[in-house]
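[1] Please find the sequence and the predicted model below.
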There are 2 protein chains.
Amino acid sequence: MKKKRPSLKDIAEVLQVSTTTVSFVLNGKGEEKKISKQLIARVENYLKEINYKPNLVARSLRTGSSRVLVFMVEDISNYFFSKIGRIIEDIAYNNDYRVLFCSTENNTKRTQDLIQLFQERQVDGFIIVPPTGIELEIQNLIENDTPVVLFDRKINTLDVDSVTLNNYEGATEITEHLIDQGYSKIAFITIDLDLIQMDDRRKGYLSAMEENDLKPNILEIPYNTANAEKCNAAITQFLFDNPHIDSIFFATNYLAQNGLRAISRHNDKLIKFLGIACFDDNIFFEMYSPSITTFAQPIEQMGAQLMEIMLGHLGDKENTKTKKAHILNGKLIKRESSLRRESIKP
Amino acid sequence: MKKKRPSLKDIAEVLQVSTTTVSFVLNGKGEEKKISKQLIARVENYLKEINYKPNLVARSLRTGSSRVLVFMVEDISNYFFSKIGRIIEDIAYNNDYRVLFCSTENNTKRTQDLIQLFQERQVDGFIIVPPTGIELEIQNLIENDTPVVLFDRKINTLDVDSVTLNNYEGATEITEHLIDQGYSKIAFITIDLDLIQMDDRRKGYLSAMEENDLKPNILEIPYNTANAEKCNAAITQFLFDNPHIDSIFFATNYLAQNGLRAISRHNDKLIKFLGIACFDDNIFFEMYSPSITTFAQPIEQMGAQLMEIMLGHLGDKENTKTKKAHILNGKLIKRESSLRRESIKP
DNA sequence: TTGAAAGCGCTAACAA
DNA sequence: TTGTTAGCGCTTTCAA
């Protein structure tokens, strides 16, 4: 049998007081509203006794706020995103907010649906890794005074807060590190999506190559999370077509993971000679043999920064603070895969 | 400026009809309620024109249902769980439900909070990987007629649906496979949590060892997601203390990943001789060199089964169908790590 | 110091 | 065929 959960009204009836009183006590406003100590105690005891749980849906409807934030990323099962998620969740929790996670899969339609869903459910704020083509929905959110913070990528046409990485400098640093270690035929493997951070990484690579009078060599792979095999095939083909390259710089950790597999399948000796580096650190890269050099994002700092901005907006809704683009600095982690090798590639 | 979103009432006013009419049309009940075609068209057009979004909080409050399900697992960034999550989400979507994901981190208190949070927000159903000590909350959910399906682990004291793996048989199969390949000093590395599926795996290992007159050798590691280092240290110590073992069976993929790292740090030649196998497949194991033998869970089938049960409950609330424990069969995937090696361990 | 009552936006029983 | 209205459970203004 379904026993209906007691409502404020039920409680008021049992206690022979008004719902107002119960509500005030429930929300800790007893003192403030000058309700007598005895009454407060009586109500509190009863609430505890029956283990009362307020109906948050009703509260949301009334107050227009749900104390829920949404964290929308490309793929929440990605190490980087799930780590940041955990950090955000902790900070939110300490400020009495809950966080809901979801994956956009970089799919515009899906993201639109998700934003609409949460908007309809009155969530209080969005932290989003925006896929392309989502400008309108985000604009819409902002116009509705719903706080939005962009993350990982920004949208230049929109006046909205964002937290991103120094992608350009990172790519330059990786490329120069490879050059320092004696590599010169450095390939850059990236995806074909028109994402601003990808473009920055590419530019960083190109500028470092040019600076050192080296000839760039770029492979652009069609983006398709669902199909790792195609990615593999493309990289394998590239290895065939470019036997002269001595190192590879992968633009994302996703590509690097697939790339490593492709390399080992193509020729399992190759990994000993090929210089490898990529963006975004990951336990996998530390464990792999050889361990892989990466440009690590400052995860803790990013999470803190994101929530600082979000809580700022939540605090005073009426502020017209100008929006800012925050750019954080990553860190090059040098590992075996990019160090000068004893032998030269055969 | 915040432009207030239009309500049903606003629309009714503009259109000079009643809110009932608008509500019926909105919910596709126009035909059924015999509203004239023209009126339906007029309302629909207007709804589309202003891009009306109903307030789902209000609807939830009124109907008592939110068309939202929750999927609570140990760690959503785990490959196995996130895969299942995606499958569940798709099925739910096709049935007009949304799915919210969250991680319990195997923490009882956290799980309690999460269940309470969602219960207060009127979610319609729970799919849970239960940590220990959560019996009361689940009992409570069931008494409130909220559908619950347990997953990955069951709770024997509770009459509730569950979908689990044939852990005992899987562990036996892995162990026997190692024995077949010529290994005999097989260690079993597990965690110290009192989880039923872990116990089954251990029993499966023990029975296969006994069956073959081999001496079991078990290492139990304190569970601590936050501290991979301790896990590493424990495994390293074990390798020192047990130089005679010729193979290791890891009870979870989490342990195997850490174990592989510990092994390669301890002695990077060792991996060539040591037989390795573990539970739960993962891309990582396919890519690792040597590729790792695993007992793979039937992911698609599990997701489908979970949702079939859930949708069944959601369909007719009043059913008192007896609850069932569904046990699915996993599959041994033989890879390089467990095959008979050419040379014997030095 | 406490209570009455309006109202958040929506659904659906009942009326017309 | 369409409209009136009560009410879901809560917060909060105003009154007592």
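    Done, it's in.
[2] Surely A:Phe295 touches A:Asn329?
    No: using C-beta atoms under 8 Å, A:Phe295 makes no contact with A:Asn329, being 10.2 Å away. Any C-beta I mention is one placed from the backbone N, CA and C, and that applies to glycine too.
[3] Can you give me the neighbour number for the residue of the stretch 101-250 of chain A found nearest DNA strand D?
    Nearest to DNA strand D in the stretch 101-250 of chain A, going by C-beta to the nearest atom of the strand, is A:Gln122, at a distance of 12.4 Å. A:Gln122 has 21 neighbours, counted by other C-beta atoms under 10 Å in any protein chain shown.
[4] So it: helix, strand or coil?
    Classification of A:Gln122 by DSSP: H, G, I helix; E, B strand; the rest coil places it in coil.
[5] again, but for A:Tyr52
    coil.
[6] count of residues packed around it?
    17.
[7] Which one's more surrounded, A:Phe295 and A:Asn329?
    A:Phe295 (26 against 11).
[8] Mind telling me what element that one is part of?
    Taking DSSP states H and E as the criterion, A:Phe295 maps to strand A:293-296.
[9] Now the helix or strand just after that strand: average pLDDT?
    As assigned by DSSP H and E, the chain's next helix or strand after strand A:293-296 is helix A:299-315. The pLDDT scores in helix A:299-315 average 93.
[10] Might you calculate how far helix A:299-315 sits from the centre of the chain?
    In terms of C-alpha atoms, centre = their mean, to the nearest Å, the centre of helix A:299-315 is set 12 Å apart from its chain centre.
[11] Run through who's touching it.
    Applying C-beta atoms under 8 Å, 6 or more residues apart in numbering or on different chains, the external contacts of helix A:299-315 come out as A:69, A:80, A:83-84, A:87-88, A:91-92, A:95, A:97, A:124-125, A:127, A:147, A:149, A:151, A:161, A:163, A:319, A:321, A:324, A:326, A:328.
[12] Helix or strand next in line after that helix, which one?
    strand A:325-328.
[13] quick one: pLDDT of the residue of the stretch 101-250 of chain A closest to DNA strand D?
    Predicted confidence (pLDDT) for A:Gln122: 89.
[14] So which bits of stretch A:185-199 are buried?
    For stretch A:185-199, burial by neighbour count (16 or more other C-beta atoms under 10 Å in any protein chain shown) applies to A:Lys185, A:Ile186, A:Ala187, A:Phe188, A:Ile189, A:Thr190, A:Ile191, A:Leu193, A:Leu195, A:Ile196, A:Gln197, A:Met198.
[15] Those into a markdown table, with extra columns for distance to A:Leu178, pLDDT and secondary structure?
    Shown next, in a markdown table, are the buried residues of stretch A:185-199 (distance: C-beta to C-beta, whole Å; pLDDT from 0 to 100; DSSP: H, G, I helix; E, B strand; the rest coil):
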| residue | distance to A:Leu178 | pLDDT | secondary structure |
| --- | --- | --- | --- |
| A:Lys185 | 10 | 95 | coil |
| A:Ile186 | 5 | 96 | strand |
| A:Ala187 | 10 | 96 | strand |
| A:Phe188 | 10 | 97 | strand |
| A:Ile189 | 13 | 95 | strand |
| A:Thr190 | 16 | 95 | strand |
| A:Ile191 | 20 | 90 | strand |
| A:Leu193 | 24 | 83 | coil |
| A:Leu195 | 23 | 85 | coil |
| A:Ile196 | 24 | 88 | helix |
| A:Gln197 | 20 | 90 | helix |
| A:Met198 | 19 | 92 | helix |
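[16] sorry, back to before: which other helices and strands contact the strand holding A:Phe295?
    helix A:167-180, strand A:275-279, strand A:331-333 (3 or more C-beta pairs under 8 Å, 6 or more residues apart in numbering or on different chains; DSSP states H and E).
[17] switch to 6 Å and redo it
    In this structure, strand A:293-296 makes packing contacts with strand A:275-279, strand A:331-333, judged by 3 or more C-beta pairs under 6 Å, 6 or more residues apart in numbering or on different chains; DSSP states H and E.
[18] Run me through the strand neighbours of the longest one, direction for each.
    If I follow you right, that is strand A:275-279. Strand A:275-279 has its sheet partners listed here by DSSP bridges as strand A:247-250 (parallel), strand A:293-296 (parallel).
[19] Just the CA trace of the last one, in CSV.
    Taking C-alpha atoms only, strand A:293-296 is exported to CSV below (Å, rounded to 0.1, in the frame of the first residue of the first chain):
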residue,chain,number,x,y,z
THR,A,293,53.9,12.8,-22.6
THR,A,294,50.8,15.1,-22.2
PHE,A,295,49.8,18.6,-21.7
ALA,A,296,47.7,18.4,-18.5
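[20] picking up where we left off before, mind picking the two most distant members of the buried residues of stretch A:185-199?
    Greatest spatial distance in those: A:Lys185 and A:Ile196, 27.8 Å, computed using C-beta to C-beta.
[21] Among the contacts of helix A:299-315, name the ones in helices.
    Mapping these onto helices (DSSP state H) picks out A:Phe80, A:Lys83, A:Ile84, A:Ile87, A:Ile88, A:Ile91, A:Ala92.
[22] Residues of chain A that sit close to DNA strand C?
    For chain A, the contact set with DNA strand C under C-beta under 7 Å from any atom of the strand comprises A:16-21, A:33-36, A:39, A:58, A:61-62, A:64.
[23] any idea how far stretch A:229-239 is from the chain center?
    Offset of stretch A:229-239 from its chain centre (C-alpha atoms, centre = their mean): 27 Å.
[24] hang on, the earlier thing: out of the helices and strands packed on strand A:293-296, which gets nearest to B:Arg341?
    Checking the helices and strands packed on strand A:293-296 against B:Arg341 by C-beta to C-beta gives strand A:275-279 as the closest, at 28.0 Å.
[25] Determine the angle, from 0 to 180 degrees, between the closest one and strand A:186-191.
    In terms of direction (axes from the mean of the first three to the mean of the last three C-alpha atoms, to 10 degrees), strand A:275-279 departs from strand A:186-191 by 40 degrees.
[26] State the phi and psi torsions of A:Val73.
    When read as degrees, to the nearest 10, the backbone of A:Val73 gives phi -130, psi 170.
[27] Please name the bridge partners of it.
    Beta-bridge partners for A:Val73, by DSSP bridges, are A:Ser103.
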